[in-house]
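**Q** next input, structure requested:
(one chain, ligands or ions: 1)
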Amino acid sequence: MRLAATDLAIGYGRERIGADLSLALGPDEIVCLLGPNGCGKTTLFKTLLGLLPRLDGALALDDTDIARMSRQDIARAIAYVPQAHAPPFPFEVLEVVLMGRTARIGTFAQPSARDRTIATEALAALGIADLAGRDYARLSGGQRQLVLIARALAQEAPLIVMDEPTASLDFGNRLSVLDRIASLARAGSGRGVILSTHDPDQALALQARVLAMSAGRMIAEGPAADVLTPARLSEIYGVPLTVERTASGRRVCLPAVQSSAATMT
Ligand SMILES: Nc1ncnc2c1ncn2[C@@H]1O[C@H](COP(=O)(O)OP(=O)(O)OP(=O)(O)O)[C@@H](O)[C@H]1O
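**A** Below is the predicted model of the structure:
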């Protein structure tokens, strides 16, 4: 399954907040969408998911125009992982993951034994099988985020859209969620993942393809190591940034040294 957007214009009603946006997502691929606050990342994701109508351009899943697909057909193709928030009601973790089966079985159908098996396997694939019977509302932010990723897995959609999946996670949980994301779209998985992040180091660590957005436009696209140059990073975030290599050869983004104060130890 392949998602392709060409010269997409996005926005709300008559208010355009982005235009000329082109992107593609296919199997075994991780794409990181980077861009400053308010540049239109969430609006783009909502449009890709068919939740907001596009204002112009083309958007297709394989060769089918998304505008002509039902909600259920889109959900069979693209799973959405929103940011994890605590719900006001108690839900058992397994129930939350079973919600991912709704796109397959219909809203009112009872989940079958097979649906339960798939949901349980999705939890196991993320290393959180032991949480199945716990109250979702009482989990930590990192655990909740992993449950939402398990729900997307149980949906068995070949494409997954994740909106800032590591926002509000502590350092350890951020690394563990990132690690799971990397394994979701590993070679041969057949799965494609697009995620937004405010951390360019994540794109480098995932060796992802990067889409860089600014003020509603794509300003760069390509492998993270090529796209994330000091000049481009500074352009995206509006502050002087540099990229350095660690002793082990990894690239990391750092603030560029500007004044003598920054070099004092
Ligand atoms: N429902 C809405 N109606 C009208 N304008 C909206 C609506 N939601 C968001 N916007 C505007 O669209 C622009 C892009 O917002 P969007 O949430 O897509 O940005 P973002 O890149 O995801 O930002 P962030 O990184 O802060 O999450 C902003 O100017 C925002 O105010």
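**Q** going forward, measure contacts between C-alpha atoms and count neighbours the same way
**A** Fine.
**Q** the stretch 151-265 of the chain: strands as residue ranges?
**A** Counting by DSSP state E, counting those that start in this stretch, the segments of the stretch 151-265 of the chain that form strands are 159-162, 192-196, 209-214, 217-223, 241-245, 251-255.
**Q** in JSON lines, list those strands along with mean pLDDT, distance to the ligand and mean neighbour count.
**A** Below are the strands of the stretch 151-265 of the chain laid out as JSON lines (pLDDT from 0 to 100; distance: least, CA to the nearest ligand atom, whole Å; neighbours: other CA atoms under 10 Å):
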{"stretch": "strand 159-162", "mean pLDDT": "96", "distance to the ligand": "12", "mean neighbour count": "25"}
{"stretch": "strand 192-196", "mean pLDDT": "97", "distance to the ligand": "8", "mean neighbour count": "25"}
{"stretch": "strand 209-214", "mean pLDDT": "96", "distance to the ligand": "8", "mean neighbour count": "23"}
{"stretch": "strand 217-223", "mean pLDDT": "95", "distance to the ligand": "11", "mean neighbour count": "17"}
{"stretch": "strand 241-245", "mean pLDDT": "93", "distance to the ligand": "19", "mean neighbour count": "16"}
{"stretch": "strand 251-255", "mean pLDDT": "92", "distance to the ligand": "18", "mean neighbour count": "16"}
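**Q** let me have these in CSV, extended by distance to residue 48.
**A** Output for these, formatted as CSV (distance: least, CA to CA, whole Å):
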stretch, distance to residue 48
strand 159-162, 9
strand 192-196, 11
strand 209-214, 14
strand 217-223, 15
strand 241-245, 31
strand 251-255, 29
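**Q** list just the one of the ones you listed that sits closest to residue 9.
**A** For these, the distance to residue 9 is smallest for strand 217-223, at 9.4 Å, taking CA to CA.
**Q** and that closest one, what does it pack against?
**A** Where contact means 3 or more CA pairs under 8 Å, 6 or more residues apart in numbering; DSSP states H and E, strand 217-223 is packed against strand 15-25, strand 209-214.
**Q** look up the closest residue to the residue of the stretch 101-250 of the chain found nearest the ligand, ignoring the ones flanking it.
**A** Proximity of the stretch 101-250 of the chain to the ligand (CA to the nearest ligand atom) peaks at residue 198, 7.1 Å away. Leaving aside its sequence neighbours, residue 198 sits nearest to residue 34 (CA to CA, 6 or more residues apart in numbering; 6.2 Å).
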